[in-house]
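I'll drop the sequence and a predicted model, then ask my questions.
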Amino acid sequence: MKNYLAKTLIISLAFFTISLAWSIYNSYVPVFLSGLIKSSTVVGTIMTIDNLFGVLFQPLFGRLSDRTQNRFGRRMPYLLVGITLSALFFFFIPWYDRLDALFPSQNLSLVFIMASVILMNFFMSVYRAPAVALMPDAIPSSLRSRANGIIVAIGGVGTIIALTFGGFLYKLGKIYPFMLGSGLMVFALLVLVLFYREPETPYSADSDSEEKGEDREKKGKKGLLRPSLLFMLLTVFFWFCGFEAINSFFTLFCRERFGMDPGDATQMMAPMVLMFMVCCYPGGVLGGKMGRKRTLLLGNALIVAAFLGIVLIPDYTWTSVSLLICGVGWALINANAYPAVTQMAPAGQTGRYTGYYYAFTFAASIASPILYGLVADLTKSQGWLFLYGGVMFILGLLSMLMVKGKAISE
């Protein structure tokens, strides 16, 4: 167990870099773009590039990493290239306005920042699915939920570092948060290179050891046509539709319902994030003991109950308590959903299934803010936010009930 814990902590550094970079990126890049582009719609569209690239490229690079085998390993070549180059272009982003000082008549700032943003997003897509697939390669099935809980919690640490130290550094100069992010990304890569070796035979390759070779081959060819996998991925899609709408419109909801300042509304979410981090590892342990499906259903039920409570009781204190319950439920889901998907993967296809998982989460990140935005425009109110989220999680609950098989029940 201690050996697996050490492996998990080292592997978690890859997810740490992702959470750290995106938190800084989402906090400050819209500010940079709004100074160059007047249209908020265009700025918002640019900010969805990461989600679009996630849908397009992560299944591709996840599958490629399944087939890669060289002296660096299966996944590590993608981390070496992806982290290095994404850190480089991430570092370049805040320097966009320096070109106008050198070439005042060329208006190169927008060209520079767009090139940096696109290339940074692309190289993040190169390594995300292979990085996340490191865990099921190295950790046996019975320990994956708790290992994923640790990894998600470490990702939360990256978010906190970005929001606290990054916010302090931004006051000193806008380049400094990006220097911090790039430096920590490179440091995490060095630790991975020096202290982690991919297993020659991944645990994921043994998950179907009782099946005959022909059965495994047929199972692999069916891919997304397998009903349980499709329902599991639809469940993930509905969950993230509900979560992303809350994430995008919560400050507007609080301004309308409670008359709150956006800064105060953001702080209102902080206890939920902390509760989420604290509960990730216990959520993984619970998934290992009572089964992933039961734990996921419990997390789903907690969130639906909390959301409906917010809808029915328009009280500030009750909303705050309900958000804490949401943090618990979201931790149960995050700790167990990804291991459930990868446990369905045929031998040697963990990276491919990791790509599927993230493609559906990113598809939700694109679709849900637009869909709820239409709801809010038609009703001319943000008061429908948590009802919308509750409906999405109910759809996720119904979809989860259609998922069958030993993997999701373990």
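Received, thanks. Residues are numbered from 1 along each chain as shown.

you'd agree Tyr388 is up against Gly242?
Yes - judged on C-beta atoms under 8 Å, Tyr388 makes contact with Gly242 at a distance of 7.5 Å. C-beta here means a position set from N, CA and C on the backbone, and glycine is covered the same way.

Which of the two has more residues huddled nearby?
Higher neighbour count among Tyr388 and Gly242: Gly242, with 29 against 21, using other C-beta atoms under 10 Å.

Quick check: that one is in a helix.
Yes - under DSSP: H, G, I helix; E, B strand; the rest coil, Gly242 sits within a helix.

Per-residue pLDDT of it, please?
With respect to pLDDT, Gly242 has a value of 92.

Return the residues in contact with it.
Contacts for Gly242 (C-beta atoms under 8 Å, 6 or more residues apart in numbering) come out as 303, 307, 368, 388-393, 396.

Check Ala115 too.
Taking C-beta under 8 Å, 6+ apart, we find Ala115 in contact with no residue.

Give me the below-cutoff pLDDT ranges for the stretch 1-150 of the chain.
The model of the stretch 1-150 of the chain has pLDDT under 70 over residues 1-2, 40-41, 44, 99-107.

if we go to 90?
Applying pLDDT under 90 to the stretch 1-150 of the chain flags the ranges 1-8, 14-59, 63, 66-74, 96-112, 128-129, 132-133, 135-146, 148-149.

Let's have the contacts of Gly242 in JSON lines, adding distance to Thr8.
Output for the contacts of Gly242, formatted as JSON lines (distance: C-beta to C-beta, whole Å):
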{"residue": "Ile303", "distance to Thr8": "26"}
{"residue": "Phe307", "distance to Thr8": "32"}
{"residue": "Ser368", "distance to Thr8": "31"}
{"residue": "Tyr388", "distance to Thr8": "35"}
{"residue": "Gly389", "distance to Thr8": "31"}
{"residue": "Gly390", "distance to Thr8": "33"}
{"residue": "Val391", "distance to Thr8": "35"}
{"residue": "Met392", "distance to Thr8": "31"}
{"residue": "Phe393", "distance to Thr8": "28"}
{"residue": "Gly396", "distance to Thr8": "27"}
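
between those residues, which is nearest Phe91?
Nearest to Phe91 among these, counting by C-beta to C-beta, is Ser368 at 31.0 Å.

quick one: Ala345 and Arg352 touch, right?
Yes - between Ala345 and Arg352 there is a contact under C-beta under 8 Å: 7.0 Å.

Save the contacts of Gly242 as a markdown table, and put in secondary structure too.
A markdown table is the format used below for the contacts of Gly242 (three-state DSSP):
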| residue | secondary structure |
| --- | --- |
| Ile303 | helix |
| Phe307 | helix |
| Ser368 | helix |
| Tyr388 | helix |
| Gly389 | helix |
| Gly390 | helix |
| Val391 | helix |
| Met392 | helix |
| Phe393 | helix |
| Gly396 | helix |
